[in-house]
Every structure is written in structure tokens, then in C-alpha cells.
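Asker: Sequence first, predicted model second:
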Amino acid sequence: MKINRGAILRSIEQPHLKTGLPDFQAGDTVRVDTKVTEGTRTRVQAFEGVVIAINNSGTRKSFTVRKISFGEGVERVFPYNSPNIDKVAVLERGKVRRAKLYYLRELRGKAARIKVDRGRMMRDSGVTKPAKGAPAAEQPASNNTQEPNT
């Protein structure tokens, strides 16, 4: 009898996986709020940048975020299931054709920009475009019933 080790691992890891983080992929601009402990105080620190890679799966899943700080590139790897991650907010959806965006390390300035995927942004917000040829939504008539000055 053959044992499916992958299925056993998934069943063990399943209860420990973190839920509640939004779906994002390479090219998306995210803000990651992490809990930082300094002495006895704990505060939340934000790190905003472009996701350049998502690695592994299950409890070992991690993602790399890159930003430019004072002209210097800074990358940070966040474990997906870390208890120190307070919140992840997706600010923009990027339009890229690669899973790993390591080539951004070599680019500077405007060349390092990523196009915004407006289609994914609109799907996320729930806004739907009217069908082609459909009549535009009627504007409510404004009741300007002001009395003339006499």
C-alpha cells in the first residue's frame, strides 16, 4: 500500500494555516502591517511595496515585498502564517507576466514601474461596466424650485 505523504502533511497543516489575508500575487502593491516589539512596548509598523515573489505552500509559504527607500532598494520576506503579521492590504493590482519579478532589482526609476491591472481592480471593488449598447443610467431630475429674487 502506497502512503500519500503530501495528503498527510496537508491534513496536519490545515488547522494551522492563517485565514483572512487577501489574495494577492506577484506584481501587486501591498501594505503589510507587522507587530514590532521594542522592549516592553508593541507597535504596528507598515511596509509598503511590490510583491516580487511568493514561495512554497502550506505553513512554509512566504512572500517577498520590495520597495525603494531613500533611493535604496529594500526587500523583506514575510512568512505568510506569521503571528507577527497584523494585516495585509492590497493597494493596487499589477499586470505582470511572470511569477517571480527578480528583474526589478536591476531597474531604476520609471523603468521599475508596473502597469496597473484595471480589470482586476474593478472586479475586486465589485463595480461592473454597463453592457455595450445598454442605455446609460438615468440621472435623477434636480428640483430647482428656488424663488426668483424680487
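Answerer: Nice, thanks for sending it over. Numbering: from 1, shown residues only.
Asker: For the rest of this, base every contact and every neighbour count on C-alpha atoms.
Answerer: Fine.
Asker: Tell me which residues touch the nearest residue to R31 once chain neighbours are set aside, please.
Answerer: Nearest non-adjacent residue to R31, counting by CA to CA, 6 or more residues apart in numbering: E48, 4.2 Å away. The contact partners of E48, by CA atoms under 8 Å, 6 or more residues apart in numbering, come to T29, V30, R31, V32, V65, R66, K67.
Asker: Name all residues that make contact with the first one.
Answerer: Each residue near T29 by CA under 8 Å, 6+ apart is listed here: E48, G49, V50, V51, V90, L91, E92, R93, G94.
Asker: pLDDT value on the first one, please?
Answerer: Translated: E48. We have a pLDDT of 95 for E48.
Asker: Can you classify it as helix, strand or coil?
Answerer: What DSSP: H, G, I helix; E, B strand; the rest coil gives for E48 is strand.
Asker: quick one on the thing from earlier: let me know the closest of the contacts of T29 to I12.
Answerer: V51 (28.2 Å; CA to CA).
Asker: gap between the closest one and R66?
Answerer: Going from V51 to R66 by CA to CA, to the nearest Å gives 6 Å.
Asker: need the contact list for E13.
Answerer: Neighbours of E13 in contact, by CA under 8 Å, 6+ apart: G58, T59.
Asker: That one belongs to a helix?
Answerer: Yes. Counting by three-state DSSP, E13 is part of a helix.
Asker: Quick check: which ranges of the protein have low pLDDT?
Answerer: 127-150 (pLDDT under 70).
Asker: Now for V116: which residues touch it?
Answerer: V116 neighbours (CA under 8 Å, 6+ apart): E92, R93, G94, K95.
Asker: burial count for the residue lying closest to I52 once chain neighbours are set aside?
Answerer: Counting by CA to CA, 6+ apart, I52 lies nearest to L101, which is 4.7 Å off, once chain neighbours are set aside. When neighbours are defined as other CA atoms under 10 Å, L101 has 18 of them.
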